[in-house]
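In: Sharing a model prediction with you, sequence too.
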Amino acid sequence: MLSIKNLHVAAENAKILRGVDLEVKPGEIHAIMGLNGSGKSTLVKTLAGHPHYEATAGDVTFEGEDLLELEPDERAKKGLFLAFQYPVELPGVSNMVFLRHALNSVRAERGEEELDPLEFDDYVRECLKVVDMDPAFLDRSVNVDFSGGEKKRNEILQMAVLQPKLALLDETDSGLDIDALRTVASGVNQLANEDNAIVLVTHYQRLLDHIEPDFVHVMVQGKLVKSGSKELALELEERGYDWILKEIEEG
Amino acid sequence: MTTSQQDKLAHPLLASVRERLASNDDFLALDVPGRKDEEWRFVRLDGVMNANVSVAKDVARVEPKALIPFAVPEAKGRALVFVDGVFAKDLSDLSALGDLSLEVTDKAREEVGNLAALQLDGKDYFSALNTATYSQRVDISVGKDVSAGTVHLLHVRTGGEGRLVVPRVFVEVGLGSKLTLVEEHVSLDKETEHVTNALVEVEVAANATVQHVKVQDENLVSHHIARTALRVAEGANYTSVTITFGAAFSRHDLHAQIEGGNSVAGLHGLAKISGRQIADTHSVMNHAHPHADSDQLHKCVVDDRGHAVFNGKIFVRQIAQQTNAFQLNRNLLLSDRAKVDTKPQLEIFADDVKCTHGATIGQLDEDQLFYLQARGIPANAAANLLTYAFAAEVVERVPVLSVRKRLAGRISPANG
């Protein structure tokens, strides 16, 4: 589904990613862990098409297409989804209008008919249950005056509405207390299936207690230096990252 | 007449009213405002003064169906139509006035002109020109404790000859009464250059409420100069929402005289312009009594080489303790050549007041655009959605549902 080969990325002339390789297949859940500044968020933002990041070398294909050639909205229409680390506030744009606009853009690409406001209302109410959100959220401006937990739940709501093939979750656990973390993780688990894939980026093991990854990758200085099963995450939690840095130095 | 006075009447704008002005010493004492005049420093009036226009004498022919898009159902039976400035009785509907007194008259009336004169010291060129040249005035009078509903004043401009349109309106709303006024200026034709010089005076008595909606959607070769003068008494509430889409050049002066406590004056506005349009708004909020609130939100959306001007004065006189004044001017520039001049101006002579003001000028936010794109919405549609949201904050304050819906459609992403 997603194939990243030797990806190099720069932002404002600073090299951030220095040769990332990653293969993601349908049904898989990957976790990318690493210290602050290692390049985890840069990777997922680049995949989503954030204008501040420029791929300077390497290839990324998504569903057989050259992902880096596509505009951000085209990537989303093809089934790529980024849950933002810092969801953006859109004053004056109601959540309802935003979600319907987004869904209809994606549906048009899939060759499906637009949902009118009534049909959409039925559809979105089912999605709200996934993240246990009150329908009152639909009438509020997107993310405006939302708490940190509400913003993250709103991201997963968007994922539920758009039903992406590949979801990139950028630090979705940050700012969540244990109750909110459980709600968000439960939402993601309900949405995961054999046909889609999830790449989640996190500092901490705690999210992985609730969303079980098939693969764990460690990012150090812009490279994925070590991959393993979910046990690797536990080891990182216990031993920190120093032993990995040492392993690299020793070649 | 002296040579200098003859020069003052030589402008093409004044050609059809020259005789009336020739004997008007008050007007002849005034000069056309120039850029050295602080109140006019951002704009040039050459286009207005050189316009080839004349005052219409008869009602030009307009098909009633041409007016259907501007219908305001809330004002059924209380709707006046003016064609190129001339009252069109056949197109108007005065069948449900109830306790409202609404007439079109040329009779002198003592109260008329007092308010504007009080505020201006008689020195405003276009107010003086309006007073010297209007031939039909709308007098709207609401007695005591009357809920008068909505009144629609629709000014349409036709194709053909360029016209000087001189609307004059006097509104008095009595103790505890309520009135909603929709004042609308539209063109039925895109090419004909008209000049409008309007003056509206509103007296709001104690505990009365007036909601005033003004829509200026004239064609892009016309000029629109207007003044709204109002006075609020004890416990009164006046709120206006002014929407500016049209005219090559528009200038709107609003002057609120606050003369009673527990009163609220709100002057809100949206100017959405493009091409080479100029939209200039000047407001004065004059707190001359303690314990009153004022509120202003003025937004401008400027595309292409458009130029928006906002000058918002707030005076808090020494007597006006416990004043609560709020003013915010927000500007969205959609192109590199779009221009905004904004000048909030506070003069506070009382010491126990709360006054906040602010002005922002910005472009569409990159993070917001990316967020929308990341959800499948193309860049263009994302920009339109954000622009709509920016403008809608003002349109949502329009208290008349049919007008609000029409305006929302006018700024909606589907219409660019």
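Out: Thanks, I have it. Numbers count the residues shown, from 1 in each chain, chains lettered A, B, ... in the order given.
In: which parts of chain B sit against chain A?
Out: Counting by CB under 8 Å from any CB of the partner chain, chain B comes close to chain A at B:366-368, B:370-379, B:381-382, B:385-386, B:388-390, B:392-393. All C-beta atoms are positioned from the backbone trio N, CA, C, and that covers glycine.
In: I'd like the list of those residues that fall within strands, please.
Out: In strands, judged by DSSP state E, none of the residues of chain B next to chain A are found.
In: Narrow the residues you listed to those that are buried.
Out: For the residues of chain B next to chain A, a burial check counting by 16 or more other CB atoms under 10 Å in any protein chain shown picks out B:368, B:370-378, B:381-382, B:385-386, B:388-390, B:392.
In: Helices of the chain, start to end?
Out: Picking chain A for this. A:40-48, A:72-77, A:95-110, A:117-130, A:148-162, A:178-191, A:230-239, A:242-249 (DSSP state H).
In: wrong chain, I was asking about chain B
Out: Under DSSP H, chain B gives helices at B:3-8, B:18-22, B:25-28, B:46-49, B:114-120, B:125-133, B:366-373, B:379-395, B:401-411.
In: Just the buried positions in the first one, please.
Out: Meaning helix B:3-8. Neighbour counts over helix B:3-8 (16+ other CB under 10 Å) mark B:Lys8 as buried.
In: how far does it sit from the chain's center?
Out: Distance, stretch centre to chain centre, for helix B:3-8: 31 Å (CA atoms, centre = their mean, to the nearest Å).
In: Residues contacting that helix, please?
Out: With CB atoms under 8 Å, 6 or more residues apart in numbering or on different chains as the test, helix B:3-8 has contacts from B:22, B:28, B:31-32.
In: low-scoring stretches of the chain, by residue?
Out: All of this refers to chain A. A:251 (pLDDT under 70).
In: let's do chain B instead
Out: Chain B contains residues with pLDDT under 70 at B:118, B:121-122, B:414-416.
In: Run through the bridge partners of the residue nearest to the spatial centre of it.
Out: Centroid-nearest residue in chain B: B:His252, 5.1 Å away (criterion: CA atoms, centre = their mean). Taking DSSP bridges as the rule, B:His252 bridges to B:Ala226, B:Thr281.
In: in the stretch 101-250 of chain B, which spans are strands?
Out: Here the stretch 101-250 of chain B has its strands, by DSSP state E, counting those that start in this stretch, at B:137-142, B:147-157, B:164-165, B:168-173, B:178-187, B:195-204, B:209-217, B:223-232, B:237-244, B:249-258.
In: I'd like these laid out as CSV, including distance to B:Ala325.
Out: CSV is the format used below for those (distance: least, CB to CB, whole Å):
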stretch, distance to B:Ala325
strand B:137-142, 27
strand B:147-157, 28
strand B:164-165, 34
strand B:168-173, 23
strand B:178-187, 24
strand B:195-204, 18
strand B:209-217, 19
strand B:223-232, 14
strand B:237-244, 14
strand B:249-258, 9
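In: Which one of the residues in the stretch 151-251 of chain A is closest to chain B?
Out: A:Gln158 (6.4 Å; CB to the nearest CB).
In: what sits against that residue?
Out: A:Gln158 neighbours (CB under 8 Å, 6+ apart): A:81, A:83, A:99, A:102, B:375.
In: do you know which of the helices of chain A lies nearest B:Ile140?
Out: Comparison of these against B:Ile140 by CB to CB identifies helix A:95-110 as nearest, at 37.9 Å.
In: elements contacting that closest one?
Out: helix A:72-77, helix A:117-130, strand A:141-142, helix A:148-162, helix B:379-395 (3 or more CB pairs under 8 Å, 6 or more residues apart in numbering or on different chains; DSSP states H and E).
In: Pull out the buried residues from the first one.
Out: When neighbours are counted by 16+ other CB under 10 Å, the buried residues of helix A:72-77 are found to be A:72-77.
In: got it, and the fourth one?
Out: Across helix A:148-162, burial judged by 16+ other CB under 10 Å covers A:149-162.
In: Likewise for stretch A:171-186?
Out: Those would be A:171-173, A:176, A:180-181, A:183-186, for stretch A:171-186 by 16+ other CB under 10 Å.
In: interface residues of the stretch 51-200 of chain A facing chain B?
Out: Where the stretch 51-200 of chain A comes near chain B, counting by CB under 8 Å from any CB, the residues are A:51, A:71-73, A:75-77, A:81-82, A:84, A:87-93, A:97-98, A:101-103, A:105-106, A:109, A:141, A:158, A:162.
In: Quick check: the residue of chain B nearest chain A.
Out: Counting by CB to the nearest CB, chain B gets nearest chain A through B:Ala389, at 3.0 Å.
In: That residue - nearest residue in space that isn't next to it in sequence?
Out: A:Gly92 (3.0 Å; CB to CB, 6 or more residues apart in numbering or on different chains).
In: Just confirm that neighbour contacts B:Ala392, I think it does.
Out: Yes - between A:Gly92 and B:Ala392 there is a contact at 5.6 Å, judged by CB atoms under 8 Å.
In: List the residues that contact A:Ala55.
Out: Going by CB under 8 Å, 6+ apart, A:Ala55 touches A:7-9, A:46, A:68.
In: Tell me how many other residues surround B:Ala359.
Out: For B:Ala359, the count of nearby residues is 16 (other CB atoms under 10 Å in any protein chain shown).
In: Next: B:Phe249.
Out: 23.
In: Quick check: it vs B:Thr196, distance?
Out: Separation of B:Phe249 from B:Thr196 (CB to CB, to the nearest Å): 11 Å.
In: Find the residues that touch each one of these two.
Out: B:223-224.
In: May I see the buried residues of stretch B:158-178?
Out: Neighbour-count burial for stretch B:158-178, counted by 16+ other CB under 10 Å, picks out B:158, B:162-178.
In: cool, and stretch A:104-112?
Out: Judged by neighbour count using 16+ other CB under 10 Å, the buried positions of stretch A:104-112 are A:104-107.
In: Can you give the distance of it from its chain's centre?
Out: Centroid displacement of stretch A:104-112 relative to its chain, using CA atoms, centre = their mean, is 21 Å.
In: next one: stretch A:228-239
Out: 21 Å.
In: So which residues make contact with that stretch?
Out: With contact meaning CB under 8 Å, 6+ apart, stretch A:228-239 is reached by A:31, A:33, A:204-205, A:208, A:212-216, A:218, A:226, A:244.
In: repeat for stretch B:44-54
Out: Stretch B:44-54 has contacts (CB under 8 Å, 6+ apart) with B:11-13, B:15-16, B:32-35, B:161-164, B:193-195, B:223, B:225, B:248-249.
In: repeat that with 6 Å
Out: For stretch B:44-54, the external contacting residues (CB atoms under 6 Å, 6 or more residues apart in numbering or on different chains) are B:11-13, B:16, B:32, B:162-164, B:193, B:195, B:223, B:249.
In: count of residues packed around A:Glu71?
Out: Per other CB under 10 Å, the neighbour tally for A:Glu71 reads 12.
In: Could you measure from it over to A:Ser3?
Out: Taken as CB to CB, the span from A:Glu71 to A:Ser3 is 20 Å.
In: for B:Ala271, same thing?
Out: Distance check for B:Ala271 against A:Ser3: by CB to CB, it reads 51 Å.
In: More neighbours: which of those two?
Out: Neighbour totals were compared for B:Ala271 and A:Ser3, and B:Ala271 leads with 29 against 16 (other CB under 10 Å).
In: So what pairs up with the more buried one in the strands?
Out: Judged by DSSP bridges, the bridge partners of B:Ala271 are B:Thr244, B:Cys300.
In: Contacts only, for it.
Out: Contacts of B:Ala271 by CB under 6 Å, 6+ apart are B:244, B:279, B:300, B:308.
In: cutoff 10 Å now
Out: B:Ala271 makes contact with B:216, B:242-245, B:250, B:252, B:277-281, B:298-302, B:306, B:308-310, B:331, B:340, B:391, B:394, according to CB atoms under 10 Å, 6 or more residues apart in numbering or on different chains.
In: Smallest gap between chain A and chain B, at which residue?
Out: A:Gly92 (3.0 Å).
In: For that residue, list the residues it contacts.
Out: Residues near A:Gly92 by CB under 10 Å, 6+ apart: A:141-142, A:144, B:385-393, B:396.
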